[in-house]
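# need a 3D model of the following:
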Amino acid sequence: MSLQNIDLNKYFQLGVLGYPLSHTLSPIIHNYWLQKYQIKGTYNSLEVQTNDLTTFFKDNISKFKGLNVTIPHKINVFEFMDEIDNSAKVIGAINCISINNEGKLVGANTDAAGFMSGLRKFIPEIEFDNSNIMIIGAGGASRAVIYSLLLESVKKISISNRSRDRLKVIGRDFNGVLNPVDWDQKSKEISNADIIINCTSLGMLGNDSLDIDVSSFNENAIVIDLVYNPIETELIKSAKKRGHRVLNGLPMLLHQAALSWKIWFDILPDIDNELLSIIEGKLKI
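Now for the predicted structure:
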C-alpha cells in the first residue's frame, strides 16, 4: 500500500457525525488504522443534534479531512453538500463526507460497496445468476443492499417490511424492479429464496428477535443478517445450526469504513485479524 499521496507531516481530523453515539465502533476502527499507518490525526465521535447541524457545518467543517455520517443525519446533511455522488443520490443517504482541496463538501455513500465487498470476501463463491433474493426491511440499509445488488444485475429481488407505506415508497424509488411482499405473507417468499438478507434492527441487542421459521428455508440458502451486535443473532445461530452459510453485519461495517479511507486518502486499509479481534471484543458474542 502506498502512502505517497498523504502528507505525513500534516495532522488530520476525522470523525463520525450523529446523535447519540454512545455505541459507535467507528472511532475504534479508524483510530486503529491511523496508528497502523502512522498517520498523524484523530477520529472522534461528534454528537450533534439535528437543530445544531447548521452551526456545526458553518463553524467546524473546515477543520476536517472527512466525516462519516450516521443516524439521524444521513438525510439531513444533503443540504450542506456542494456535490453528491450517484450512490448517495440513488440510496437517498450520505454516510461519508470529504472536503476536497477547493474546500467543497462532497457527499458519498459507501454502504452499498461495503456490503458487496464484505460479502465477496467472506462468501467468495456466492453467485447471483438467477438467484431469488429476499430482503427483510425497507430502511436505509436495505436501500444500500438493493443498490449493490442491482449493480450486480440481479433480476429477482423480493422485499417485505412491517410498514406497507415504506414498502410502497421503496418500490417506487427503485422504479418497480422489486417484488413487494406483505409482512404476513413473507414466509412463502422466504422459503423460495436463495439468499435471505435481514436489513432490520430485529435481533439487535435490546431488540426483539426476527420471527422467522428457519426450518422453512431452502437448504442451500445463504443467510445474511446486517446486525452485528450481538455477533450471532438468533437468526444466524439457527441458520448456522442447520448448515446454512451465514454472514453477520461486521463485514459491511468494516468495508464501508475502509472505503471511506479510499475517498479521504486514496488508500484501502487492511481489515486484519487484529482489528477483527478488537471489534469482536467490544461486542456481545
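# what segments of the stretch 1-150 of the chain are strands?
Taking DSSP state E, counting those that start in this stretch to define them, one finds strands in the stretch 1-150 of the chain at 12-18, 41-47, 66-69, 83-84, 96-99, 105-108, 132-136.
# how many neighbours does residue 199 have?
Residues lying near residue 199 (other C-beta atoms under 10 Å) number 25. Glycine gets a C-beta too; all of them are placed from N, C-alpha and C.
# try residue 243
Other residues within reach of residue 243, judged by other C-beta under 10 Å, total 9.
# helix, strand or coil: sort out it for me.
Going by DSSP: H, G, I helix; E, B strand; the rest coil, the secondary structure assigned to residue 243 is coil.
# leaving out the residues flanking it, which one is nearest to the residue most central in space within the chain?
What sits nearest the mean C-alpha location of the chain, by C-alpha atoms, centre = their mean, is residue 111, with 3.9 Å. Counting by C-beta to C-beta, 6 or more residues apart in numbering, residue 144 is the residue found nearest to residue 111 once chain neighbours are left out, at 3.6 Å.
# return the distance of the one you found relative to residue 12.
26 Å (C-beta to C-beta, to the nearest Å).
# more neighbours: which of these two?
Regarding residue 144 and residue 12, a neighbour count based on other C-beta under 10 Å identifies residue 144 as having more, with 28 against 17.
# thought the more buried one was touching residue 118?
No. Look at residue 144 against residue 118 with C-beta atoms under 8 Å: they stay out of range, at 11.8 Å.
# okay, now the unreliable bits of the chain?
Within the chain, the segments meeting pLDDT under 70 span 1-2, 284-285.
# how does it divide up, domain by domain?
With domains defined by automatic domain parsing, the chain comprises 12-109+252-282, 113-248.
# nearest to residue 4 among the ones you listed would be which one?
Counting by C-beta to C-beta, residue 4 lies closest to domain 12-109+252-282 out of these; the figure is 9.7 Å.
# could I get the contacting residues of residue 201?
207, 227 (C-beta atoms under 8 Å, 6 or more residues apart in numbering).
# from residue 78, how far off is it?
Distance, residue 201 to residue 78, by C-beta to C-beta: 23 Å.
# hang on, the earlier thing: rebuild the strands of the stretch 1-150 of the chain as JSON lines, extending it with distance to residue 28.
What follows is the strands of the stretch 1-150 of the chain, written out as JSON lines (distance: least, C-beta to C-beta, whole Å):
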{"stretch": "strand 12-18", "distance to residue 28": "11"}
{"stretch": "strand 41-47", "distance to residue 28": "9"}
{"stretch": "strand 66-69", "distance to residue 28": "13"}
{"stretch": "strand 83-84", "distance to residue 28": "28"}
{"stretch": "strand 96-99", "distance to residue 28": "18"}
{"stretch": "strand 105-108", "distance to residue 28": "22"}
{"stretch": "strand 132-136", "distance to residue 28": "28"}
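# so which of the ones you listed gets nearest residue 183?
Of all the strands of the stretch 1-150 of the chain, the one in closest proximity to residue 183, counting by C-beta to C-beta, is strand 132-136 (9.2 Å).
# who does the closest one touch, helix- and strand-wise?
Contacting strand 132-136 under the criterion 3 or more C-beta pairs under 8 Å, 6 or more residues apart in numbering; DSSP states H and E are the following elements: helix 140-151, strand 156-161, helix 186-191, strand 195-198.
# re earlier: of the strands of the stretch 1-150 of the chain, which approaches residue 162 most closely?
The minimum distance between residue 162 and the strands of the stretch 1-150 of the chain falls on strand 132-136, with 9.4 Å, by C-beta to C-beta.
# put the alpha carbons of the closest one into CSV.
Taking only C-alpha atoms (Å, rounded to 0.1, in the frame of the first residue of the first chain), the coordinates of strand 132-136 have been written out as CSV:
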residue,chain,number,x,y,z
ASN,A,132,-34.0,-15.4,-5.8
ILE,A,133,-33.2,-12.8,-3.1
MET,A,134,-35.4,-11.9,-0.2
ILE,A,135,-34.8,-8.7,1.7
ILE,A,136,-36.4,-8.0,5.0
